[in-house]
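Student: quick check, what structure comes out for this input:
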Amino acid sequence: MTAGFGRRPAIGIDARKARDYGIGTYTRGLVDALAALPDAAGARFTLFVRPGDEPLFGTLPPDFSLVPEKASGYSADELFRFGARIRGERLDLFHALHYVLPWRVGTASVVTIHDTIHLDFPADGVSPLRYPYARIMIRRALAAAAAVIAPTAAVARELEELSPAVAAKLETIPHGVPPPFRTGVPDEDVSRVRNRYAIAGRYALYLGGAKPHKNVRRVVEAFRAARVDGLELVLAGPTPAAPAPANGGVRRIGVVEESDLPALYRGAEFLLYPTLAEGF
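Tutor: Purely as a prediction, here's the structure:
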């Protein structure tokens, strides 16, 4: 869809998950990259954000506006009221950054679907209704969107299996790597991060959550069985237990500041990544 004569294209982005882990990193990185594009000045961008998340986006060009949106994820509010809100913005394009595309957005839409993990690995304590809902919403997004983005060829194949007709409008666009992870990390930064999280010696690093496909329990069992002298296992991220002192060679440091991650990676002897499935 093109904007009317003399009017800049209006693009809306669902940035409500900016504080999440994987999708949040993607959201913030996408906005930063769009804001840096010279061509972006030819359009105006509306970011729908959760109230209070505005500081996550720092200083953006004047062509970007932040619109608070309270609709919670996986709800009727998200499908219907948010859809009406999007229509009211008179957009030329709407980009949904996860698989739920609100109802009747009133314009062409692009949907990024990062993975289909939740269809195969039910999470503990989550309503069993979530999985039929997810399958319905993914199929609907595949049918309704003008274009669909997948981060890898593997996810693209999974989406084609769910809906063969999507192949004609499916694009594979790999996730990017933020600049801090592409440059050297000074020794003093490594020392600072070690001190901040009370990591004294050599360590192996696990970074992730506690969902079943992350396989963290098996990592802990294997590490303790291996009994590597002088090596500690550091669990970073929203793992089941709160941060605790070293116990049996395993230390939980909880959620880590994003700015600390490059130094945490560099200081480790190696990274343990035992996940059973990932979109990227």
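Student: in the stretch 1-150 of the chain, which spans are strands?
Tutor: 10-14, 44-49, 64-68, 93-96, 108-112, 147-150 (DSSP state E, counting those that start in this stretch).
Student: any residues touching the fourth one, and which ones?
Tutor: By C-beta atoms under 8 Å, 6 or more residues apart in numbering, the surrounding residues in contact with strand 93-96 are 1, 9-14, 86, 102, 105, 107-112, 141, 145. C-beta: built from backbone N, CA, C; applies to glycine.
Student: weed out the non-buried ones from those residues.
Tutor: Buried subset of the contacts of strand 93-96 (neighbour count, 16 or more other C-beta atoms under 10 Å): 10-14, 86, 102, 105, 107, 109-112, 141, 145.
Student: of all these, which comes closest to Pro174?
Tutor: Thr112 (11.9 Å; C-beta to C-beta).
Student: show me the shaky parts of this protein.
Tutor: Residues of the chain that meet the criterion pLDDT under 70 lie in 1-6, 122-130, 239-248.
Student: span of stretch 119-132 from start to end?
Tutor: 8 Å (C-alpha to C-alpha, to the nearest Å).
Student: equivalent analysis for stretch 32-47, please.
Tutor: Stretch 32-47 has an end-to-end distance of 12 Å (C-alpha to C-alpha).
Student: please apply the same query to stretch 252-269.
Tutor: Span of stretch 252-269 from end to end, C-alpha to C-alpha: 17 Å.
Student: got it, and stretch 96-114?
Tutor: End residues of stretch 96-114 are separated by 11 Å (C-alpha to C-alpha).
Student: all helices of the protein, in order?
Tutor: Secondary structure of the chain (DSSP state H): helices located at 22-36, 76, 82-88, 117-120, 130-144, 153-162, 187-196, 216-226, 261-267.
Student: all good on my end, thank you.
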